[in-house]
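> One predicted model, sequence on top.
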Amino acid sequence: METLRLKINEEDIERAGGIIKEGGLVAFPTETVYGLGADALNAEAVKLVYAAKGRPSDNPMIVHIADIEGLDELAQNISDYARALMEAFWPGPITFVLPKKALVPDTTTGGLDTVAVRMPSNETARKLIRAAKRPIAAPSANISGRPSPTTAEDVLEDMDGRIEAVLMGESCKVGIESTVLDCTGDVPTVLRPGFVTKEMLEEALGSEVAIDAHLLEKPETVLDPEEGAAEADFSPKSPGMKYKHYAPKARVRIVENDVDRYKAEAEASGIRTAVLDYGKNSEEAAYSFFADLRRLDREGIGLILVCALDEEGLGFSIMNRMLKSAGYDVIE
Ligand code: AMP
Ligand code: MG
């Protein structure tokens, strides 16, 4: 199929909304990364998203809403702390995992009885949801396993010819995916760290927020998304955790010290090597990391050495992406 390049104007956003309403797929900008959107309430449309991405069917979608009124048809038994955090951080880069309502198809939630919901702040995303007149299920608009796209060009690199349209917006301001927060227990638990950090959540709430244990250790198994949905012997709360993620074609290694020495050694053995060093600037690292991985692939680099970040605040979230992109290969 020919993928339409749509502009960011009322007419084209309306057209994109129409495509979603009819069960088609449209990639669109959000403040985090580009999303690949389908009607969240249409199981057939959502199946097309899994197929276009090569995403295992047990890795659920985040459902995007434009207004708080959209929440009640999707989720139920929403706790007071979840409401308080929505008040504090929505619209914005945080997703809440909540008990789902029957209207949400199992296909959208990967068979779970919970649904992940986010209200993005990006204006184009909000206009698109309103134009479609329904919630939009949207994972990142990349082939599964590859770095998430933060520009319209990066979306086309993976999705050209596979989806109906791309809304050709600007590059994403945040640059890493939303924080995913499980709100089904007594204590909110971070399942995926993002721009909204544990410290920010605790400050807004005035009480403790937990970090899922899987985020604090190197996983024993990392599955290839190409193999499809996995067996149930390893089932983290957030199914996405068990799959290989964010990997460019180049080999990626995290380096804690002496990056110049490792670069020189690799180049001496004929490997084209690049260094990504964001210093202490974690916002810059979030904004640039995925885009840099894709750029270095286009340049034909063989080895990317990434300087480790301090794992404080936002640094923890970016190191999570860096470690995954490197397959946890760290030179200490
Ligand atoms: P992406 O769509 O690429 O941003 O990834 C969405 C992330 O949210 C994946 O890691 C999913 O596993 C996670 N997720 C989505 N829905 C749920 C849910 N109901 N419970 C737990 N994690 C979820
Ligand atoms: Mg993704």
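Yep, that arrived. Bear in mind the structure is a predicted one, so any value in this text is a computation, not a measurement. Ligands and ions are numbered 1, 2, ... in the order given.
> can you give me phi and psi for residue 87?
phi -60, psi -40 (degrees, to the nearest 10).
> before we move on, what about residue 264?
Residue 264 adopts backbone torsions of phi -60, psi -40, taken as degrees, to the nearest 10.
> contacting residues around whichever strand or helix holds residue 306?
With elements taken from DSSP states H and E, the one containing residue 306 is strand 303-307. Residues from elsewhere that reach strand 303-307 (CB atoms under 8 Å, 6 or more residues apart in numbering): 248, 250-255, 259, 262-263, 266, 271-279, 293, 296, 322, 325-326. C-beta coordinates here come from the backbone N, C-alpha and C atoms, glycine included.
> which secondary structure elements does the helix or strand following it contact?
Going down the chain from strand 303-307, the next helix or strand is helix 314-325, by DSSP H and E. When contacts are defined as 3 or more CB pairs under 8 Å, 6 or more residues apart in numbering; DSSP states H and E, helix 314-325 packs onto strand 251-255, helix 282-298.
> mind checking which of these is nearest residue 75?
With CB to CB as the measure, helix 282-298 is the member of the helices and strands packed on helix 314-325 nearest residue 75 (27.8 Å).
> now the angle between strand 303-307 and the closest one, please.
Angular relation of helix 282-298 and strand 303-307 on a 0 to 180 degree scale: 170 degrees, by axes from the mean of the first three to the mean of the last three CA atoms, to 10 degrees.
> Ends of stretch 243-255, what's the gap?
Distances were taken as CA to CA, to the nearest Å; on that basis the terminal residues of stretch 243-255 are 23 Å apart.
> buried ones in it?
243-248, 250-255 (16 or more other CB atoms under 10 Å).
> what ranges do the strands span in the stretch 151-300 of the chain?
165-167, 179-182, 189-192, 210-211, 251-255, 273-276 (DSSP state E, counting those that start in this stretch).
> Mind putting those into JSON lines with mean pLDDT?
Written out in JSON lines, the entries for the strands of the stretch 151-300 of the chain read as follows (pLDDT from 0 to 100):
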{"stretch": "strand 165-167", "mean pLDDT": "98"}
{"stretch": "strand 179-182", "mean pLDDT": "98"}
{"stretch": "strand 189-192", "mean pLDDT": "98"}
{"stretch": "strand 210-211", "mean pLDDT": "98"}
{"stretch": "strand 251-255", "mean pLDDT": "97"}
{"stretch": "strand 273-276", "mean pLDDT": "98"}
